[in-house]
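Undergrad: coords please:
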Amino acid sequence: MFKSLMTMLSNWEEEGMVEDILYYHQILCQGEAMRWVRLERPGWQIKSTDQTPDLPTAAHQSQEKGVATEQLSCGIPLDGSDSQVAGRVAGHPYVTQATFADGDMVIVREWSRGGKSALIGPLSPSESYHTRKGVLPHNAIIGQLPRARIESTKKDGAGGLFMAQFPTLDEYVPLCSRRCTPIYPKDASAILTMLDTSPGDCILEAGTGNAGLSMYLARAVGPNGKVHTVERSSSTSEHAQLVVEQFRRGVLMPSIVFHVGVLGEVINKVAVSIDKSLATVLNAEKPLAEDPEQTWKEQGNIVAPLFDGIVLDMPTPWTQLPQIFGFLKTDRFVVCYLPSISQVIDLVRASRQWPLLVEDVVEVDWRSWDIKVAVVRNPDPLAASDEAMVCRPTHTPIGHTAFLVKLRKCGAQ
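TA: Numbering: from 1, shown residues only. Prediction:
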């Protein structure tokens, strides 16, 4: 019983992550009722209780008894079967915990094989989501655990069953509200690889758009890194900030800094916002030079290299590269997102006059397959089973999105 939970606590204890004597856990009983159990050392003995304990705040230490308690919402059935732990222990972000709350964005799926799904929210007690199987009040979702069964209502009383979950970033980016076409997950993952992004990096992005790539970058650089994203349209930038705020309660917002303006005109302001000492070198109100070509020739690496990577999602990146070249660290990368091959050709031609090496030009394909069990209508009487596996590409259209051009900075000269 509780094999997954026991293994998790034992591993944390061996690694020195658990210093507490006692834990309270709220568990899910067969997807229906909530119940409390108490876990005590030594051996993490399980003691059940039907009463809700008076819990202190997370990571609170009782100085009188040396006891720490913490509330966890754990999806572990009482029948002893394994299930993924859905609780959060303070300081251990790889374990998640949350019930749906007012303001959350939620993926709702029909409780049937092949059922439809949709992104709804922000959740509000006064709102409802209308489906082909009836009305799903937000109030029926608020307070529930992820993957809980939720029933819709119809006038005739015959509603449908749904399952709610928090959206992954791959689900959220294509489904969230948009002002422009986002950079889809297949391209975003390739860009992260081409940039060789690591936790703690400082990345410059030009062309915030819908903030899809901004969120992927923010998750890659982590809480100790920063993504400075520049968008020329103030309304688009404001919408992008709202999109980021609504994903997982704004968990990625601290890692993203939004700027408004044309990249070549605001790059100095961005640099000074990162390193105040550059204010004596740079005039934050003007570009580095009137002639972009003269900028890198005269100033190359005079300005302090600040960025571990640069992403340019704009029609003519070769007009901006000379002005931002000095802010990129040597031997690091620029990735340009270009829909047209003619743009790629223009960029490659222009890059010959700069110390930038064109390392790669790629187009990313992503093809999903449908693998499932099907029942044979007229099975062979001698066959061992009337089931067969269906293996085929899904009917999702595969289309071109963009070319990704990877440039490496060789040096100032």
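Undergrad: C-alpha from now on. contacts and neighbour counts both.
TA: Fine.
Undergrad: Give me the below-cutoff pLDDT ranges for the stretch 101-250 of the chain.
TA: Low-confidence segments of the stretch 101-250 of the chain (pLDDT under 70): 113-114, 157.
Undergrad: all helices for it, in order.
TA: For the stretch 101-250 of the chain, the helices defined by DSSP state H, counting those that start in this stretch occupy 169-175, 185-195, 212-221, 234-246.
Undergrad: Including distance to residue 406, could those helices go into TSV?
TA: Output for the helices of the stretch 101-250 of the chain, formatted as TSV (distance: least, Cα to Cα, whole Å):
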stretch	distance to residue 406
helix 169-175	23
helix 185-195	7
helix 212-221	16
helix 234-246	25
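Undergrad: so which of those helices gets nearest residue 393?
TA: Nearest of the helices of the stretch 101-250 of the chain to residue 393, taken as Cα to Cα: helix 185-195 at 16.8 Å.
Undergrad: Can you check what angle separates the closest one from helix 212-221?
TA: Computed by axes from the mean of the first three to the mean of the last three Cα atoms, to 10 degrees, the angle separating helix 185-195 from helix 212-221 equals 50 degrees.
Undergrad: buried set for helix 185-195?
TA: For helix 185-195, a neighbour-count test (16 or more other Cα atoms under 10 Å) marks 185, 187-188, 191-192, 194-195 as buried.
Undergrad: Nearest to residue 338 among those residues?
TA: Checking those against residue 338 with Cα to Cα, the nearest one is residue 187 at 11.3 Å.
Undergrad: That closest one reaches residue 364, doesn't it?
TA: Yes: Residue 187 is within contact range of residue 364, at 6.4 Å (criterion: Cα atoms under 8 Å).
Undergrad: ok, how many other residues are close to residue 156?
TA: Using other Cα atoms under 10 Å, residue 156 is surrounded by 7 other residues.
Undergrad: In contact with it, which residues are there?
TA: Counting by Cα atoms under 8 Å, 6 or more residues apart in numbering, residue 156 touches no other residue.
Undergrad: repeat for residue 258
TA: By Cα under 8 Å, 6+ apart, the residues touching residue 258 are 228-231, 237, 241.
Undergrad: Can you lay out those residues as JSON lines showing distance to residue 203?
TA: What follows is the contacts of residue 258, written out as JSON lines (distance: Cα to Cα, whole Å):
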{"residue": "228", "distance to residue 203": "6"}
{"residue": "229", "distance to residue 203": "8"}
{"residue": "230", "distance to residue 203": "11"}
{"residue": "231", "distance to residue 203": "15"}
{"residue": "237", "distance to residue 203": "17"}
{"residue": "241", "distance to residue 203": "17"}
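Undergrad: want to throw those residues into TSV with neighbour count?
TA: Listed next are those as TSV, based on neighbours: other Cα atoms under 10 Å:
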residue	neighbour count
228	24
229	26
230	25
231	22
237	24
241	19
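Undergrad: quick one: which of those residues is nearest residue 133?
TA: For the contacts of residue 258, the nearest to residue 133 is residue 241 (33.4 Å; Cα to Cα).
Undergrad: measure the closest one to residue 277 for me?
TA: 28 Å (Cα to Cα, to the nearest Å).
Undergrad: Can you list the low-confidence ranges for the stretch 251-400 of the chain?
TA: Answering for the stretch 251-400 of the chain: the residues below the bar, that is pLDDT under 70, span 280-281, 283-304, 379-385, 397.
Undergrad: Let me see the ranges of the helices in it.
TA: Counting by DSSP H, counting those that start in this stretch, the helices of the stretch 251-400 of the chain are 263-274, 292-299, 321-324, 341-351.
Undergrad: so of those, which one's packed in deepest?
TA: Of all the helices of the stretch 251-400 of the chain, helix 321-324 carries the top mean neighbour count, a mean of 24, counting by mean count of other Cα atoms under 10 Å.
Undergrad: which strands and helices sit next to it?
TA: Helix 321-324 is packed against helix 263-274, helix 292-299, with contacts defined by 3 or more Cα pairs under 8 Å, 6 or more residues apart in numbering; DSSP states H and E.
Undergrad: Of the contacts of residue 258, just say which sits nearest to residue 350.
TA: residue 230 (22.7 Å).
Undergrad: is it true that the closest one touches residue 264?
TA: No: using Cα under 8 Å, residue 230 is not in contact with residue 264; the gap is 10.2 Å.
Undergrad: Torsion angles phi and psi at the closest residue to residue 314 other than its chain neighbours?
TA: Leaving aside its sequence neighbours, residue 314 sits nearest to residue 207 (Cα to Cα, 6 or more residues apart in numbering; 6.3 Å). The phi/psi pair for residue 207 (degrees, to the nearest 10) reads phi 100, psi 70.
Undergrad: list the contacts for residue 207?
TA: 229-232, 312-314.
Undergrad: Then residue 393?
TA: Shown in contact with residue 393 (Cα under 8 Å, 6+ apart): 367-370.
Undergrad: hmm, try it at 7 Å
TA: Going by Cα atoms under 7 Å, 6 or more residues apart in numbering, residue 393 touches 368-370.
Undergrad: on that earlier part again, mind putting the buried residues of helix 185-195 into a markdown table with distance to residue 151?
TA: Compiled in a markdown table, the buried residues of helix 185-195 are given as follows (distance: Cα to Cα, whole Å):
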| residue | distance to residue 151 |
| --- | --- |
| 185 | 32 |
| 187 | 37 |
| 188 | 36 |
| 191 | 41 |
| 192 | 40 |
| 194 | 45 |
| 195 | 45 |
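Undergrad: Between the two ends of stretch 131-139, what distance do you get?
TA: OK, stretch 131-139 end separation, Cα to Cα: 15 Å.
Undergrad: which outside residues touch that stretch?
TA: For stretch 131-139, using Cα under 7 Å, 6+ apart, the contacting residues are 123-125, 127-130, 152-154, 159-160.
Undergrad: Of those, just the buried ones, ChimeraX syntax please.
TA: Typed into ChimeraX, the line below selects the buried ones among these, using 16+ other Cα under 10 Å:
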select :123,124,128,152,153,159,160
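Undergrad: want to throw the contacts of stretch 131-139 into JSON lines with distance to residue 146?
TA: Shown next, in JSON lines, are the contacts of stretch 131-139 (distance: Cα to Cα, whole Å):
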{"residue": "123", "distance to residue 146": "14"}
{"residue": "124", "distance to residue 146": "17"}
{"residue": "125", "distance to residue 146": "18"}
{"residue": "127", "distance to residue 146": "19"}
{"residue": "128", "distance to residue 146": "18"}
{"residue": "129", "distance to residue 146": "17"}
{"residue": "130", "distance to residue 146": "20"}
{"residue": "152", "distance to residue 146": "17"}
{"residue": "153", "distance to residue 146": "20"}
{"residue": "154", "distance to residue 146": "23"}
{"residue": "159", "distance to residue 146": "20"}
{"residue": "160", "distance to residue 146": "18"}
